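S.K.: What follows is a protein structure lacking sequence information:
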């Protein structure tokens, strides 16, 4: 129990101490008007109270990722918990804070436009395509997972729930942000709170399932995977949401358009990441504890983390409590899937410069997206999840490099984003070079060596480029002014 509580305490301390440090490096301006007021349009730019913005941000970013990812990552043992804590504080929190606050400073613009400002036009073009693909994959993943759980929970057809969720997504994508998302998310938030607190208390006070049974401090630094899967670099792809996730960079601009003051940024962006990290820790600990360790978890999962959610929820909280807890897990992906499609619409709108104040223009962009999403739902879930994981971490690396370029150009401490950017870039290169399914099937030592070298070259090139400002969009080079 002590290790679980210590990890949770470290995450909370990270918000107050390292989060404050990141905020000081960025240097907020409380008197500067935010895009919620300067661009207010009643559709996407709508001022909302701080607590409501935080809750929407948390529900936006916390899909099945901080549940399914940590459950899968728990197969490596408690080392997964160390990555959640360190990744969340030093990488994910930084990533989310800058993806939100840079958008605030740039009139609510999305990640492709921000990357173009600081990394050059090549980044804008690349990320425009990549962001749309990632958001469509997220939308599809966050339809299939909750539809499957609903089907198992009720006994009705999974296909029926896919249709119902799709219908909700379409409505939430095109109507003003305060009409659906702003009104129902507080209710969803209560369900999420019940699930998180209820499952934590049920685990800690369970008489049948000890929290992290028989694990010692040395186990936190070992790979205990019963299937002999390598910890490096797969763990850092498997656990994305809850540690560092590029999907969050597509979501933060949604709330950057609604935040009322820059002083709310740490609570909304960094704080929501810490909240997601706590959810990830809870489910990682449940996965390791309920089944008595990695071997029991491997048998109980049967290849699908949804089985762990269902069995652990009912086993720890009884039939009624388990039903509500599973509903909380179902809510998470639904509240991320709707904003994934909404973010995709806004990325396309920026790319083609299509104003979104009129319903017809929103429909022009939304309808083709949902047709593509409907086709993707017919692809095997495992394949979609695999590509989502890699695309997710590539996007995270790009956002972190964007933050580094901003800090370099404004003569601020860039290493707070450069070091996690280097780490995530090495992870992605090594994974792609090593993977025989998605990459080139190279031995891990060769893949790591080449990945590290490529990362070093990118680091040197981007630092020189950012310091010189060559080839960059100079129209918004001083966002700190005004």
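M.R.: Looks like it arrived, so ask away. A quick note: this is a predicted structure, and the numbers were derived from the prediction, not measured. Residues are numbered from 1 along each chain as shown.

S.K.: so how far is the helix or strand bottoming out on mean pLDDT in the chain from its chain's centroid?
M.R.: Ranking every helix and strand in the chain by mean pLDDT, DSSP states H and E puts helix 181-204 at the bottom, with a mean of 77. The chain centre lies 18 Å from the centre of helix 181-204; the measure is CA atoms, centre = their mean, to the nearest Å.

S.K.: ok, now stretch 53-64?
M.R.: Worked out by CA atoms, centre = their mean, stretch 53-64 lies 9 Å from the chain centre.

S.K.: Name the residues of it that are buried.
M.R.: 53-64 (16 or more other CB atoms under 10 Å). (Glycine included, C-beta is placed from N, CA and C.)

S.K.: same question, stretch 130-149
M.R.: Using 16+ other CB under 10 Å as the test for burial, stretch 130-149 gives 130-149.

S.K.: helices or strands next to the least confident helix or strand of the chain in the packing?
M.R.: Applying 3 or more CB pairs under 8 Å, 6 or more residues apart in numbering; DSSP states H and E, one finds that helix 181-204 contacts helix 50-61, helix 271-290, helix 305-352.

S.K.: Identify the residues contacting the first one?
M.R.: Taking contacts as CB atoms under 8 Å, 6 or more residues apart in numbering, the residues outside helix 50-61 that touch it are 48, 96, 100, 181-182, 185-186, 188-189, 192, 241, 245, 247-248, 251-252, 254-255, 258-261, 264, 267-269, 271-273, 275-276, 331-332, 335-336, 339.

S.K.: relative to helix 305-352, how tilted is it?
M.R.: Angle, helix 50-61 to helix 305-352, by axes from the mean of the first three to the mean of the last three CA atoms, to 10 degrees: 110 degrees.

S.K.: Could you name the helices and strands sitting against the helix or strand just after helix 50-61?
M.R.: Counting by DSSP states H and E, the element after helix 50-61 in chain order, helix or strand, is helix 65-73. Helix 65-73 is packed against helix 79-87, helix 234-238, helix 271-290, helix 305-352, with contacts defined by 3+ CB pairs under 8 Å, 6+ apart.

S.K.: which one of the ones you listed lies closest to residue 109?
M.R.: Residue 109 lies closest, by CB to CB, to one member of the helices and strands packed on helix 65-73: helix 305-352, at 6.6 Å.

S.K.: relative to helix 271-290, how tilted is the closest one?
M.R.: Using the same axes, to 10 degrees: helix 305-352 against helix 271-290 is 160 degrees.

S.K.: model confidence over helix 305-352, on average?
M.R.: Mean pLDDT, helix 305-352: 82.

S.K.: what angle do that helix and helix 181-204 make?
M.R.: Using the same axes, to 10 degrees, helix 305-352 lies at 150 degrees relative to helix 181-204.

S.K.: just the angle between helix 305-352 and helix 65-73, please?
M.R.: 130 degrees.

S.K.: Which pLDDT value belongs to residue 7?
M.R.: 94.

S.K.: circling back to that earlier point, need the helices and strands packed on helix 181-204 in TSV (columns: distance to residue 156).
M.R.: Output for those, formatted as TSV (distance: least, CB to CB, whole Å):
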stretch	distance to residue 156
helix 50-61	25
helix 271-290	26
helix 305-352	13
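
S.K.: Might you list the low-confidence residue ranges for the stretch 1-150 of the chain?
M.R.: For the stretch 1-150 of the chain, no stretch is flagged by pLDDT under 70.

S.K.: so where do the helices sit in it?
M.R.: Here the stretch 1-150 of the chain has its helices, by DSSP state H, counting those that start in this stretch, at 2-16, 18-26, 35-38, 50-61, 65-73, 79-87, 93-105, 111-119, 121-154.

S.K.: Same check on the stretch 351-482 of the chain?
M.R.: Taking DSSP H, counting those that start in this stretch, the helices of the stretch 351-482 of the chain run over residues 359-376, 381-409, 415-434, 444-468.

S.K.: looking at those helices, which is closest to residue 311?
M.R.: helix 381-409 (19.0 Å).

S.K.: Name the residues of that closest one that come out as buried.
M.R.: In helix 381-409, counting by 16+ other CB under 10 Å, buried: 384-385, 388-409.

S.K.: Quick check: phi and psi on residue 40?
M.R.: Here is the backbone geometry of residue 40 (degrees, to the nearest 10): phi -50, psi 120.
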